[in-house]
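> Sequence plus predicted model, see below.
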2 protein chains.
Amino acid sequence: MQKTERTKIRRVPSRGSYDRSVINQILDAHFLCHVAFIYDNYPVVIPTLYGRQGDYLYLHGATSSRLMKSLGKGVNMSLSVTLVDGFVLARSAFHHSMNYRSVVLFGQGSRIPEEEKYRSLKIISEHILPGRWEEVREPNTKELKATHLVSIPIREASAKIRTGPPIDEASDYDLDVWAGVIPLKLIATYPEADPGLKDGVSVTGVLKQLLDKYA
Amino acid sequence: MQKTERTKIRRVPSRGSYDRSVINQILDAHFLCHVAFIYDNYPVVIPTLYGRQGDYLYLHGATSSRLMKSLGKGVNMSLSVTLVDGFVLARSAFHHSMNYRSVVLFGQGSRIPEEEKYRSLKIISEHILPGRWEEVREPNTKELKATHLVSIPIREASAKIRTGPPIDEASDYDLDVWAGVIPLKLIATYPEADPGLKDGVSVTGVLKQLLDKYA
């Protein structure tokens, strides 16, 4: 991907990447993004879910939402996806760090027309919960009307990744201080069935795959 | 906390809170925020670590960072902290949701003067890794000079929380679809010692507490 003034990684540029496959891997590893836009001359940041297909991200929300209304108008926006992979414990306070994978993207969204809403919602659903779409009741016309969707091209973006152990000052390696990485991971714990669950309905293969993904 | 035009929760207002203790609990449960600001007339969102003490958040970064330079000038900014607590699986595609706790904050940062940097860095360190500060080499004058810090007042903020099972259409409860919550949790896995770790240095009580916190 073309590096731009905006996406250029200035701090520790060796950790930056403009490779589309690296960017897509990070986007595919998560489901929550933070979107920034300007509203009443003020920067606003809002967390929301997303799905990716090809070179586009898809977001959804209620038609009344400030975020969706703004993005649907094609305002300038920025979006970040961040995965925290570990606390990096150095021998000095200064060299403490995080292992992480993040993407920052710039661009404008486009409102998804009524006839493409079904397809776009399915992309978001399949991104977050693969296979689930086929198990549940599909959205009806009223529900689709109440949902606003936007697509965002993945055109101007960069990734930043830190991995590996701490990097200490040479003179600090002799200190009696434990140093290393405490890995972090988002996991799923035991499913909690809805109190109103119909008798005899149990967890499916689709849900088991989801639990495996977050094991 | 005073509700403002900006912080007013419009979508599902019953999930919103302006209670300082609710907001602080969410801020204290995490360490990563996403900060939005306007740079060259464009909204930018950047992930970064934070610490809280009293009614202030503290951020740090390199003196050369675009984020820290902008915030240090007191530009308008917005910040969000989001914890994902579970996938909410409904019987219909439309009613799928997430359980989460989030804070969105508006305001301006202030640059921390040289003589208060040590104290502010310690606040961030103690927020993320309680007790670690006393185990490691303190920052020296050169390291403090290379670090830029800002404080942000927690003055205009709101929390939004979703908990509990899915809420389906009455007519859908009879469908043969598993519904419920798949809880999500950020956990620490087994510590990876630095390959250069000095012989005989082992994990301390401080690190064991950290592992317990993310068990």
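In hand now; what should we look at? As the structure is a prediction and not an experimental result, all values here were calculated from the model. Residues are numbered from 1 along each chain as shown, chains lettered A, B, ... in the order given.

> CA only for contacts and neighbour counts going forward, please
Will do.

> In terms of helices and strands, where is the closest residue to A:Gly86 other than its chain neighbours?
Closest residue to A:Gly86 apart from its sequence neighbours, by CA to CA, 6 or more residues apart in numbering or on different chains: A:Pro183 at 4.0 Å. If you go by DSSP states H and E, A:Pro183 is part of strand A:180-188.

> how about the CA coordinates for that strand, as CSV?
What follows is strand A:180-188, C-alpha atoms only, in CSV (Å, rounded to 0.1, in the frame of the first residue of the first chain):
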residue,chain,number,x,y,z
GLY,A,180,10.6,-10.8,29.8
VAL,A,181,7.1,-10.9,28.3
ILE,A,182,3.8,-11.6,30.0
PRO,A,183,1.7,-12.7,27.0
LEU,A,184,-1.9,-11.5,26.9
LYS,A,185,-4.7,-13.1,25.0
LEU,A,186,-8.5,-12.6,24.6
ILE,A,187,-10.2,-15.9,25.4
ALA,A,188,-13.7,-17.2,25.6
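
> coming back round to it: next one: the residue nearest to A:Gly86, what pLDDT does it get?
pLDDT, A:Pro183: 98.

> That one against A:Asp85, yeah?
Yes - using CA atoms under 8 Å, A:Pro183 is in contact with A:Asp85, at 5.7 Å.

> picking that back up, what average pLDDT does the helix or strand following the strand holding A:Pro183 get?
Downstream of strand A:180-188, the next assigned helix or strand under DSSP H and E is strand A:192-193. Mean pLDDT, strand A:192-193: 97.

> wait, does strand A:192-193 make contact with chain B?
Yes - judged by CA under 8 Å from any CA of the partner chain, strand A:192-193 and chain B are in contact via A:Glu192, A:Ala193.

> name the helices or strands packed onto that strand?
Applying 3 or more CA pairs under 8 Å, 6 or more residues apart in numbering or on different chains; DSSP states H and E, one finds that strand A:192-193 makes contact with strand B:180-188.

> So in that sheet, which strands flank the strand it packs on, and in what orientation?
Using DSSP bridges, the strands paired with strand B:180-188 are strand A:180-188 (antiparallel), strand A:192-193 (antiparallel), strand B:76-89 (antiparallel).

> the bottom helix or strand of chain A by mean pLDDT?
Every helix and strand in chain A was compared by mean pLDDT, DSSP states H and E; the lowest is strand A:16-17, with a mean of 92.

> and it, anywhere near chain B?
No - taking CA under 8 Å from any CA as the criterion, strand A:16-17 and chain B are apart, separated by no less than 13.9 Å.

> which is the next helix or strand following that strand?
Toward the C-terminus, strand A:16-17 is succeeded by helix A:20-28 as the next helix or strand (DSSP H and E).

> The helix or strand just after that following helix to strand B:76-89, inter-axis angle?
Past helix A:20-28, further along toward the C-terminus, the next helix or strand under DSSP H and E is strand A:32-39. Angle of strand A:32-39 versus strand B:76-89, following axes from the mean of the first three to the mean of the last three CA atoms, to 10 degrees, is 140 degrees.

> Poorly predicted segments of chain A, please.
Nowhere does chain A drop to pLDDT under 70.

> The residue of chain A most remote from its centre in helix, strand or coil?
For chain A, the largest distance from the centre (CA atoms, centre = their mean) belongs to A:Asp174, which lies 39.6 Å off. Secondary structure for A:Asp174, judged by DSSP: H, G, I helix; E, B strand; the rest coil, is coil.
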